[in-house]
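can you look at this prediction? I've put the sequence above it.
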Amino acid sequence: MKSLKNHLSLIIALFTVLVSVEIYVAVDRTISTYESHLKNSYSIIVVTKNTMSQETFKGMDSMIERAVPIETAHVLKGFQGEITPKNLALLEHALPKFYRIYLVSFPTPEQITALQHTLQKTPEIERVEGFAQTHDAMYQLMLLFKRVFQLLSIAIAVVTFLLIFKEMRLLQVQHTDRVAIMALLGAPALLRSAVLFRLAIVDAILATLLLSGTLWGLDYYALLALQLKEIGISVQLFSLIEDTLRSLLIALGITITFMFTIVISHHEEK
Amino acid sequence: MPTNIIIADHLSLAYQELDTIIYGATFMIKEGDFVVITGESGSGKSTLLKSFYGAIAPSRGELYVRDVNMNHVKPSKLNALRRHIGIVFQDYKLIKEWTIEKNVMLPLIISGYKRHVGDAEVQRLLSHVKLSHQIGKYPPELSGGEQQRVAIARALAHNPTLILADEPTGNLDEYSASLIWNLLEESNLQLNTTIIVVTHRIPKGLRIPYRHYHIDSGNVNEIT
C-alpha cells in the first residue's frame, strides 16, 4: 500500500511536469499559428518615385520577402472623360508608384522600426507606412502570455523536480535490503539498482500514458480548439504521436537521470 | 601444494580509531581448509569474517584474500572478489520478494550465466539441500532451517572457491543445524571449497579435520 502510494506520487509528479511542458508547447503552437496568420495579412506600404524591381527591394533588407505593386489604373479610370488622354498619360507618368511589401516573418516592433529606417534612407522611396500599432497589441499580449507561462513552467518544474527526487529516494530506501544483499554478492552498482531503474521507467511510461489519455480527451472533445477558433485562431493544439513520444523521452530522461544521480551518490552500507 | 586463500599479517580491525576489535592477527588459510572461528559474543569473530569480504578494511597490518589486497581495494575489484565468495549469514539475507529459486539464481545472474544454465543448476542445488519440493515458495513461507539451506544453496550456486559462514546455525534447532554442517562439510570434501565458519560452539559430530581459531580479547589464536 505504501509502495503504491509512493508510485502514485511519482507518477503524478511526472505527469505535472509533462502537463506543464505540453501547455508550453500548445501556447507556442498557438502563437506560431497566430504569427503565421499575421505574417500573411501584414504588409508595409511604400511609395516610390519610379518603378522598382523585386531584386532592388529584396536587396534592401533580408526581412523583405516580396514587393507587390499596387495598381493605380482604377484611380486614373475615375478621371477618364474629365481630362484629355494626353493629360491622363502625363498624370499617370507623374503619379508615384505604390508597393505592398510582404515580410518573411511577422516582425517585432523593433524590426518594423529598423526596416522603416532602412526604407526611408533609400532615395527612391518617398514614404513608408508600417501600420505597426494596428497589428501589435494582440501579438504583444500573446507574447506576454507566453513569457508569463515560461516563468510559471520553470517554477512548476523546480518544485516538481524536488518532489520527484524525494519520491525516488523513498523508492531507493524501500529497496535498501535487496540492494545491500546484491552488493554483498558482488553485483556491480548498476545491476544491483536495476530494479529501481525498472520501476522508474515503468512510472515514466505510466505518466506518459496518463498524459496521452488527457490529450486525447482534450483533442476528442475539441474543448480548447473551439475556444481558440472563436477568437480567430485555428490551430492543431496537440499532435498525439509527436507529443506522446516527446513526453516519453522527457519522462524517461528525468527518471533515469535522477535515479542515476541517486545510485551514484549512494554510499554502500557495509 | 595448496595456495593461500587468505593471508593476514599483523592485521588489526577497528570500527573507529580508538575502538580496535582485532589486534595484530597473523595467520594463513589455505585452499581446501575447513576453518572454525570461535569466541565469546562481541569478541570480533564476525568482524574478522567481514574483513574477508571487504565489509571492513584493515586499520593496521595487511590482509590478502585471493591475492587481493584488502587495505586498498577498489569497488570494482571488490565486486569481482565477492563473485568468487559464497557468504552465509545468521539472518539468511534472502530477498523476501523473490522465490527461493530466484534467490539461488542471484549469484548466477550476477556472474552473467545464461538463463537455461542457471535453471538447471538451481534445480540441482535445491535438490542437494533437499528443498526441491519447496520451489516456487517465498522465503517468509519457509522455516528458519529451510531458509538457511536456501542461503547455502545460493552460496554454492556460482561454485565459489571460498565460503564464509557467519553463525549459520545460530538461530536453528539441532536437526536443522546438523543439516547445515553436513552441507558445509560436503562442499569442502567434494569440491575442495575453503570454508570458514564463525560459530559459538563447534558441533560434536564434525566428521572432517578442521583448523580452529579462537578469539580472546581481540587476539586470534590457533588452537592445535
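Here it is on my side, so go on. Treat the numbers as computed from the prediction; the structure is a model and nothing was measured.

C-alpha from now on. contacts and neighbour counts both.
OK.

what does chain A have sitting close to chain B?
On the criterion CA under 8 Å from any CA of the partner chain, chain B has as its neighbours in chain A the residues A:D177, A:R178, A:I181, A:M182, A:A183, A:L184, A:L185, A:G186, A:A187, A:P188, A:L191, A:K270.

can you pick out the most distant pair from those residues?
A:L191 and A:K270 (17.8 Å; CA to CA).

these two: which is more packed in?
Neighbour totals were compared for A:L191 and A:K270, and A:L191 leads with 16 against 10 (other CA atoms under 10 Å in any protein chain shown).

the more buried one should be in a strand, yeah?
No: secondary structure assignment places A:L191 outside any strand; it is helix (DSSP: H, G, I helix; E, B strand; the rest coil).

tell me the contacts of it?
B:I110 (CA atoms under 8 Å, 6 or more residues apart in numbering or on different chains).

then B:G39?
Applying CA under 8 Å, 6+ apart, we find B:G39 in contact with B:K45, B:T199, B:H200, B:H214, B:I215, B:D216.

redo that, cut-off 6 Å
B:G39 makes contact with B:H214, B:I215 under the criterion CA atoms under 6 Å, 6 or more residues apart in numbering or on different chains.

for the closest residue to chain B within chain A, which non-adjacent residue is spatially closest?
Across chain A, no residue is closer to chain B than A:G186, which sits at 4.0 Å (CA to the nearest CA). The shortest distance from A:G186 to any residue that is not its chain neighbour, by CA to CA, 6 or more residues apart in numbering or on different chains, is 4.0 Å, and that residue is B:N79.

measure how buried the one you found is and give me the count.
Count around B:N79 with other CA under 10 Å applied: 23.

what does B:P107 give?
Here the neighbour count serves as a burial measure; for B:P107 (other CA under 10 Å) it reads 28.

how near is the closest residue to it other than its chain neighbours to chain A?
Among residues not flanking B:P107 along the chain, B:H158 sits closest, at 6.0 Å (CA to CA, 6+ apart). Between B:H158 and chain A the distance is 10 Å, computed by CA to the nearest CA, to the nearest Å.

before we move on, back to that, so how far is the helix or strand harbouring the residue nearest to A:G186 from its chain's centroid?
Secondary structure from DSSP states H and E places B:N79 in helix B:75-82. In terms of CA atoms, centre = their mean, to the nearest Å, the gap separating the centre of helix B:75-82 from the centre of its chain is 16 Å.

next one: stretch A:203-217
For stretch A:203-217, the distance between its averaged C-alpha position and the chain's averaged C-alpha position is 21 Å (CA atoms, centre = their mean).

what's the answer for stretch A:14-23, then?
15 Å.

show me what it is in contact with.
Here stretch A:14-23 has contacts from A:S153, A:A157, A:A207, using CA under 6 Å, 6+ apart.

and with 7 Å instead?
Stretch A:14-23 is contacted by residues A:S153, A:A157, A:T160, A:A204, A:A207, A:T208, A:L211, A:S247, A:A251 when judged by CA atoms under 7 Å, 6 or more residues apart in numbering or on different chains.

where do the strands sit along chain B?
For chain B, applying DSSP state E gives strands covering B:4-14, B:20-30, B:34-39, B:60-65, B:68-69, B:85-88, B:162-166, B:194-198, B:211-216, B:219-223.

give me whichever of these is most buried.
For the strands of chain B, ranked by mean neighbour count under the definition mean count of other CA atoms under 10 Å in any protein chain shown, the leader is strand B:85-88 at a mean of 27.

what's that one packed up against?
In terms of contacts (3 or more CA pairs under 7 Å, 6 or more residues apart in numbering or on different chains; DSSP states H and E), strand B:85-88 is packed against helix B:144-157, strand B:162-166.

adjacent strands (with direction) for it?
Within its sheet, and counting by DSSP bridges, strand B:85-88 is paired with strand B:162-166 (parallel).
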